[in-house]
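Enquirer: Structure for this input, please:
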Amino acid sequence: MNEDEAPRRMNSLEDRNAIVESALDAAIRRGDFDDLPGLGKPLTGLHNSEDPDWWIKQKMDREELNGVAPAAFQLRKENAVLEDTLDAFTTETQVREYLAGFNDRVRAAIMDLREGPPVFTPPRKVEDEVIAWRRRRAATREQTTNPTPTPNDGQRESREQPRRWWQRKRRQSS
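Expert: Numbering: from 1, shown residues only. Purely as a prediction, here's the structure:
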């Protein structure tokens, strides 16, 4: 091929298939597919699932992969349980660091226009969240030190049950 000539374009599906087949044949000759894990073993779960994505879910479980959803979905999910996540922290520094990371992820997802649906999760105001975390923490601490008694703690209520209208009428007439 001359330097003046442009590279040959793949104009048809047959051309593309031929290139892929030749690449596969070359890889087989080199031994790229030898000693792969699971070689000669049947695929598990092939015929017992109605889910078309069973194989990728199985792979994700086996490889312990998390966080492969688009950022908008991950952030929405994280935002929904943010208070519970913050309540698990024991120091204000940990809460602030987590919120800073969350806000960084939100801003990065908003600025990244390449993939996924739009991000509607707003960044959190760190000071407001820290104040709310302190309040929840104080309420939890107070509740554990001073539990409120329930109305039926082994004692019967001193009030009598209210009489029904037909019981009142019968009693008045007798």
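Enquirer: separation between residue 90 and residue 133?
Expert: As defined by CB to CB, to the nearest Å, residue 90 lies at a distance of 11 Å from residue 133. For every residue, glycine as well, the C-beta is placed using N, CA and C.
Enquirer: actually residue 13, not the one I wrote
Expert: Residue 13 is 59 Å from residue 133, by CB to CB.
Enquirer: Neighbour count: these two, which is higher?
Expert: residue 133 (19 against 8; other CB atoms under 10 Å).
Enquirer: Give me the below-cutoff pLDDT ranges for this protein.
Expert: Along the chain, segments meeting pLDDT under 70 span 1-10, 45-46, 48-49, 67-68, 115, 147-174.
Enquirer: what about the strands in it?
Expert: Counting by DSSP state E, the chain has no strands to list.
Enquirer: can you give me the helices for it?
Expert: Applying DSSP state H to the chain gives helices spanning 13-30, 54-63, 71-80, 82-87, 92-111, 126-145, 165-173.
Enquirer: Mind giving me the packing neighbours of the third one?
Expert: What that stands for is helix 71-80. helix 92-111 (3 or more CB pairs under 8 Å, 6 or more residues apart in numbering; DSSP states H and E).
Enquirer: Could you check the angle the helix it packs on makes with helix 126-145?
Expert: Per axes from the mean of the first three to the mean of the last three CA atoms, to 10 degrees, the angle that helix 92-111 makes with helix 126-145 is 140 degrees.
Enquirer: which outside residues touch helix 92-111?
Expert: 71-72, 75, 78, 82, 85-86, 89, 119, 121-124, 126, 129-130, 133-134 (CB atoms under 8 Å, 6 or more residues apart in numbering).
Enquirer: can you give me how far it is from the chain middle?
Expert: On the basis of CA atoms, centre = their mean, to the nearest Å, helix 92-111 is displaced by 16 Å from the centre of the chain it belongs to.
Enquirer: what's the answer for stretch 55-73, then?
Expert: For stretch 55-73, the distance to the chain centre is 10 Å (CA atoms, centre = their mean).
Enquirer: Could you pull out the buried residues of that stretch?
Expert: 71-72 (16 or more other CB atoms under 10 Å).
Enquirer: First-to-last residue distance for it?
Expert: 22 Å (CA to CA, to the nearest Å).
Enquirer: what's that stretch in contact with?
Expert: Against stretch 55-73 from outside (CB under 8 Å, 6+ apart): 43-45, 51, 74, 77, 105, 108-109, 112, 115-121.
Enquirer: quick one, what contacts residue 76?
Expert: 120-121.
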